[in-house]
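Visitor: Here is a sequence with its predicted model. Questions after.
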Amino acid sequence: MRRALIAAVVLLSACTAQAPPPAQTTPNTYPVPPETARPDEQVLHLPTTNDGDTTFTAVGLSAGIPTLIGSHAEFAARGQFVRVRLVVANAGRSSALFDARRQLLVDADGEEYAPDDPAMTVKRQPAQTDLGAGVRLEFDLYYDIPKEAKPLKLKVFGGPTLTDMKDEKGTDLPLSE
């Protein structure tokens with residue numbers, strides 16, 4: 001009788017066992033809260049690119065801004081201000097010194113523009129930041145470019161790598177599809 005009871009329990013448990021859950025096919029992601037775009041901002045849905053261990057994602061673009069207003073100053077563009085909302089992350093295992101002022105805007109004619117220091121200062125955006133391992137930073141880059149110029153891409157620099165010790169090469173980050 002005892003053997004029959006054990007056999008019944010084993011048989012019932014085998015019949016009611018659930019299949020293991022399917023293997024996860026996509027990686028877990030953090031639920032980053034959405035942020036409302038500014039009224040003059042075009043939301044960008046472009047692929048992420050990397051330069052060394054630093055990843056770059058352009059998430060917003062505003063062009064034709066005539067004037068900037070900060071907490072203590074207001075001033076007009078010599079041409080037009082262009083604002084690029086950028087997410088930068090360090091995918092490496094050590095920290096990386098990130099220099100926001102090295103990120104160049106390239107227009108449709110191939111002209112390169114450095115971030116505008118007064119605009120970056122008035123809008124209180126970072127200059128240099130130590131990105132720790134796994135650290136992500138979202139901020140704006142401001143450029144003052146000629147009125148007729150059309151922003152095409154950023155030339156981004158993520159910091160020195162083994163193949164580019166002086167970080168001179170950079171990587172292109174398109175601002176449109």
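Guide: Yep, that arrived.
Visitor: which SSE is the residue most central in space within the chain in?
Guide: In the chain, the residue lying closest to the centroid (C-alpha atoms, centre = their mean) is V87, at 2.3 Å. In the assignment (DSSP states H and E), V87 maps to strand 74-90.
Visitor: Equivalent analysis for A119, please.
Guide: A119 is part of helix 117-122, with elements assigned from DSSP H and E.
Visitor: Next secondary structure after that helix?
Guide: Later in the chain than helix 117-122, the nearest helix or strand by DSSP H and E is strand 128-131.
Visitor: what does that next one rub up against?
Guide: T54, V88, A89, N90, S95, A96, L97, F98, D99, A100, R101, L137 (C-beta atoms under 8 Å, 6 or more residues apart in numbering). (Glycine included, C-beta is placed from N, CA and C.)
Visitor: where in the protein is pLDDT low?
Guide: Counting by pLDDT under 70, the chain contains low-confidence residues at 1-22, 161-164.
Visitor: can you map out the helices along it?
Guide: For the chain, applying DSSP state H gives helices covering 2-16, 117-122.
Visitor: Tell me which residues are up against the shortest one.
Guide: It stands for helix 117-122. Helix 117-122 is contacted from outside by 68-70, 72-73, 75, 81, 100-101, 127, 141-144, using C-beta under 8 Å, 6+ apart.
Visitor: Please apply the same query to stretch 53-61.
Guide: Taking contacts as C-beta under 8 Å, 6+ apart, the residues outside stretch 53-61 that touch it are 37-38, 41-44, 46-50, 82-92, 96, 98, 131, 138, 151, 154, 156, 158-159, 161, 171, 173-175.
Visitor: picking up where we left off before, my guess is the residue nearest to the centre of the chain meets E138, correct?
Guide: Yes - assessed by C-beta atoms under 8 Å, V87 is found in contact with E138 at 4.8 Å.
Visitor: Check the contacts of strand 128-131 against A63 and report the nearest one.
Guide: Within the set of those, A100 lies nearest A63; the separation is 19.0 Å, counting by C-beta to C-beta.
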